[in-house]
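*Asks:* Got a predicted model here, sequence first, then my questions.
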Amino acid sequence: MERLARTKVKDLLGSQPGTEVLAKGWVRTKRGNKQLKFIALNDGSTVNNIQIVADTSLFDEELLKRVTTGASLAVKGRLVESLGSGQAVEIQASEIEVLGDCDPMRYPLQKKDTSFEYLRSVAHMRLRTNTFGAVLRLRHAMAFAIHKFFNDRGFVYLNTPLITESDAEGAGDMFQVTTLDLANVPTHGGKVDFSKDFFGKKTSLTVSGQLEGELGATAVGEIYTFGPTFRAENSNTPRHLAEFWMIEPEMAFYDIYDNMELAEAFVKYLVQYALDNNYDDLKFLNDKYDDGLIARLQSVLGIEFQRVTYTEAVEILEDAVAKGHKFEYPVHWGTDFQSEHERYLVETHFGKPVILIDFPKDIKAFYMKQNEDGRTVRGMDVLFPKIGEIIGGSEREASLEKLEARIDELGMSRKNLEWYIDTRRYGTVPHSGFGLGFERLLLFVTGMNNIRDVIPFPRTPKNAEF
Ligand code: ATP
Ligand code: MN
C-alpha cells in the first residue's frame, strides 16, 4: 500500500469529503449484498464507526471473506458524502489490507453472553467493546481534567509512597508487603521478626496518602496526590475495590468552608469537562444503559450543594423512620451512615448533592479538627445521587496539644507518628483536605452500576486475574 498518513476515525468523521484517506481499525460489523459490502470500522478514537463501502468487483473474494468482525484492517479510499443515514461521510475503498485475521468461530465477543460479568472474564475483548471504549476515554478525560484543575490553581502534584509503614489513621485494612518466606517465617520471642524483612520493619500498601500529603501542604501550600490506593476490605459491594485510585488535595490555610468550596468547585468542573469534551461517549452510555445520565450530570452543575450537619441529618433520617420509611440499618446519633441513608438524604430528601459536616468524633479519624462542643469534629463527606459518598475529608486538627491528647485517648502510638506530629510543632497552620475516590467519580460520570466496570483491571476479593 502506498504511503499515506493515517487519519483517526474521530477526525475522519469530522472531515470534509473529497480527499484520499487512510483509515485503520477493527471491524465492528460487515453487511451488504453481492455488489457492495458495508464495513463498520472502529479504531477506539471515538465510539462512532466510519463506514467503509467496498465494491465487490474491485476486490478479491478471498480478501473480503477475511473481513470479519474483530479483524484489523488498513483501508485506503476516497472520503465521500454518505448516502445512507447515520453518518455524514464514508470511505469508498480502493485498497483493503487485512492486518490481522480474526477467526469468527473463536471470537469471544460473538457469544450471546455479553453481560458485564462475562466481559470481565475476557479482559482484552472487554476493552474492545463500545461500552468500555467510552468508559476508558472518560476515565482518561477525567484524569487529565483533574491535573488541569489543580495545575490551573497552582497546586503541586505530590507523589506519596505506595509502600509505607504508616496505617494512615486506620482508613482501611492493609495489604502487607513482605519478602519473608511465608513457609519459614523468622521469629523472635514468639513473634515475627520483621528486622529480617526487606525494609527491616513491617510494611504495607498505602490506604491513603493523606498524612504524607499534609507534610507537603505545610511546606509548599497546596498539593494534591493522584495515585493507586489499596484496601483489603472484604466488602463485596458495587462501590468498593481492593485497588482503586484516589485524589487527595491538601491545603494550608484552608478551613472547612474553604474545603467545601473547593470540593464542590472540583466535582462541578469535572462534570462540566466531561459534558464539554466527551459528549459522544456520554450520549452512548445514556442511550444504551441509563437514560437519566446526562440529565443527572447537568443537574449537579446549576445548583449549590446542600450543606447540612451530621446532627441535622440524623434528625431528618429519624423523622423519615417515624413516618414509616424502612431502612435496613438502624440510624441514631453516633452511628456511621450506610449508603441507604446517604442516598435517602440526597435523592429523596434534598434532591441534590449533600455535604455533611460535623460528625461525632468517635466515628472519624484522630486528625480531624475538634469542635468546641467536645463531641463532634470538622469532618466533611460529599454525597452524590446513585452512589452515596464520593468524597471524605476534613479540616485537620492544627493544635499540637489537642492532636496529642486525641492520639493518647485512642490508645495510638505517638512514637510512630512523630514525623507527622512535627507538622504541628514547627509553624502549625490551619489546613484541610479531602479524598475523592476516582472510580466513585467515574461511577457518577459514566452511570455504570458496578465499580468493577469503570476500571480496566478490577481487583476485588478472590479476583486478581490478568
Ligand atoms: P466508604 O465508607 O464508602 O467505605 P470511606 O469512609 O472508607 O468510604 P475514605 O477513607 O474517606 O472512605 O476515602 C476517601 C474516598 O475514597 C471515599 O469517599 C471514596 O470515594 C473512596 N473509597 C474509599 N474506599 C474505597 C474503595 N474500597 N474502593 C473505591 N473507592 C473507595
Ligand atoms: Mn471504607
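*Replies:* Cool, the structure landed. Ligands and ions are numbered 1, 2, ... in the order given.
*Asks:* got the contact list for the residue nearest to Asn234 when sequence neighbours are not counted?
*Replies:* Beyond its immediate neighbours in the sequence, the residue positioned closest to Asn234 (Cβ to Cβ, 6 or more residues apart in numbering) is Pro461, lying 5.4 Å away. Glycine gets a C-beta too; all of them are placed from N, C-alpha and C. Listed by Cβ atoms under 8 Å, 6 or more residues apart in numbering, the contact set of Pro461 reads 234, 236, 242.
*Asks:* again, 10 Å this time
*Replies:* 232-236, 240, 242 (Cβ atoms under 10 Å, 6 or more residues apart in numbering).
*Asks:* Please apply the same query to Val300.
*Replies:* 264, 267-268, 271-272, 352-353, 384-385, 444.
*Asks:* now swap in Val429 and tell me
*Replies:* So Val429 contacts 217-218, 221, 251-254, 396, 398, 423 (Cβ under 10 Å, 6+ apart).
*Asks:* returning to that earlier point: can you select the buried ones from the contacts of Val300 in PyMOL?
*Replies:* To isolate the buried ones among the contacts of Val300 in PyMOL, judged by 16 or more other Cβ atoms under 10 Å, type:
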select buried, resi 264+267+268+271+352+353+384+385+444
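*Asks:* From the contacts of Val300, which shows the smallest pLDDT?
*Replies:* Ranked by pLDDT, these bottom out at Pro385 (91).
*Asks:* My read is that that residue contacts Arg296, right?
*Replies:* Yes. Counting by Cβ atoms under 10 Å, Pro385 touches Arg296, with 6.2 Å between them.
*Asks:* picking up where we left off before, now the contacts of Val429 as CSV including neighbour count and distance to Leu127?
*Replies:* As requested, the contacts of Val429 are arranged in CSV below (neighbours: other Cβ atoms under 10 Å; distance: Cβ to Cβ, whole Å):
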residue, neighbour count, distance to Leu127
Ala217, 27, 37
Thr218, 23, 41
Gly221, 17, 39
Met251, 25, 36
Ala252, 22, 41
Phe253, 13, 43
Tyr254, 23, 39
Arg396, 29, 40
Ala398, 19, 46
Thr423, 23, 42
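*Asks:* Just the ones of the residues you listed in strands?
*Replies:* 251-252 (DSSP state E).
*Asks:* so which of the contacts of Val429 would you say is closest to ligand 1?
*Replies:* Using Cβ to the nearest ligand atom, Arg396 comes nearest to ligand 1 of the contacts of Val429, at 13.6 Å.
*Asks:* sorry, back to before: give me the pLDDT for the residue nearest to Asn234.
*Replies:* Looking at Pro461, the pLDDT reads 94.
*Asks:* Gln35 is in contact with Leu64, isn't it?
*Replies:* No. Using Cβ under 10 Å, Gln35 is not in contact with Leu64, being 11.9 Å away.
*Asks:* before we move on, the earlier item: restricting to the contacts of Val429, which residues neighbour ligand 1?
*Replies:* For ligand 1, no contacts are drawn from the contacts of Val429 by Cβ under 6 Å from any ligand atom.
*Asks:* out of the contacts of Pro461, who's nearest ligand 1?
*Replies:* Taking Cβ to the nearest ligand atom as the measure, His240 is the one of the contacts of Pro461 closest to ligand 1, at 3.7 Å.
*Asks:* for the closest one, what are its contacts?
*Replies:* Counting by Cβ under 10 Å, 6+ apart, His240 touches 172, 231, 233-234, 437, 439-440, 451-452, 460-461.
*Asks:* Pull out the buried members of those residues.
*Replies:* By 16+ other Cβ under 10 Å, these give 172, 231, 233, 437, 439-440, 451-452, 460 as buried.
*Asks:* just those now: which is nearest ligand 1?
*Replies:* Gly437 (2.4 Å).
*Asks:* sorry, back to before: which of the contacts of Val300 fall within helices?
*Replies:* Counted as lying in helices by DSSP state H, out of those, are 264, 267-268, 271-272, 444.
*Asks:* correct me, but Ile52 touches Leu64?
*Replies:* No. The pair Ile52 / Leu64 is not scored as a contact, 11.1 Å apart, by Cβ under 10 Å.
*Asks:* which of those two has more neighbours?
*Replies:* Shown here are Ile52 and Leu64; by other Cβ atoms under 10 Å, Ile52 has more neighbours (23 against 18).
*Asks:* Please list which of the buried ones among the contacts of His240 also come close to ligand 1.
*Replies:* 172, 231, 233, 437, 439-440.
*Asks:* re the thing from before, any shared contact partners between Ile52 and Leu64?
*Replies:* Residues touching both Ile52 and Leu64 (Cβ under 10 Å, 6+ apart): 30, 37, 39, 96.
*Asks:* Could you find the closest non-adjacent residue to the last one?
*Replies:* The reference is to Ile96. Ile96 sits nearest to Val75 (Cβ to Cβ, 6+ apart), 5.3 Å away.
*Asks:* Next: the first one.
*Replies:* Spatially, and ignoring its direct neighbours in sequence, Lys30 is nearest to Ile39 (5.0 Å; Cβ to Cβ, 6+ apart).
*Asks:* For that neighbour, what are phi and psi?
*Replies:* Here is the backbone geometry of Ile39 (degrees, to the nearest 10): phi -110, psi 130.
*Asks:* hang on, isn't it packed against Ser72?
*Replies:* No. Between Ile39 and Ser72 there is no contact under Cβ under 10 Å: 11.9 Å.
*Asks:* okay, and the common contacts of Pro385 and Arg296?
*Replies:* Contact with both Pro385 and Arg296 is made by residues Phe444, according to Cβ under 10 Å, 6+ apart.
*Asks:* Low-confidence stretches in the protein?
*Replies:* The chain contains residues with pLDDT under 70 at 1-2, 110-113, 168-171.
*Asks:* Any residues of it in contact with ligand 1? List them.
*Replies:* Neighbours of ligand 1 within the chain, by Cβ under 6 Å from any ligand atom: 171-172, 231, 233, 240-241, 244, 246, 389-392, 435-437, 439-440.
*Asks:* gap between the closest residue to Ala74 other than its chain neighbours and Val67?
*Replies:* Nearest residue to Ala74, sequence neighbours excluded (Cβ to Cβ, 6+ apart): Glu97, at 4.5 Å. Distance of Glu97 to Val67, computed by Cβ to Cβ, to the nearest Å: 11 Å.
*Asks:* where does Ile390 fall, helix, sheet strand or coil?
*Replies:* Under DSSP: H, G, I helix; E, B strand; the rest coil, Ile390 falls in the strand class.
*Asks:* from what I can see it touches Phe384, true?
*Replies:* Yes. The criterion here is Cβ under 10 Å, and Ile390 meets it with Phe384 at 4.9 Å.
*Asks:* between the two, what contacts are shared?
*Replies:* Joint contacts of Ile390 and Phe384 (Cβ under 10 Å, 6+ apart) are 267, 342, 353, 440-441, 443-444.
*Asks:* Pick the one among these closest to ligand 1.
*Replies:* Among these, and counting by Cβ to the nearest ligand atom, the member closest to ligand 1 is Arg440, at 3.8 Å.
*Asks:* Now that closest one. Nearest residue, chain neighbours left out?
*Replies:* Ile390 (4.3 Å).
*Asks:* ok, now which ones touch that neighbour?
*Replies:* 239, 263, 267, 342, 353, 381-384, 435-444.
*Asks:* Make sure Asn463 is actually in contact with Arg120.
*Replies:* Yes. Between Asn463 and Arg120 there is a contact under Cβ under 10 Å: 8.2 Å.
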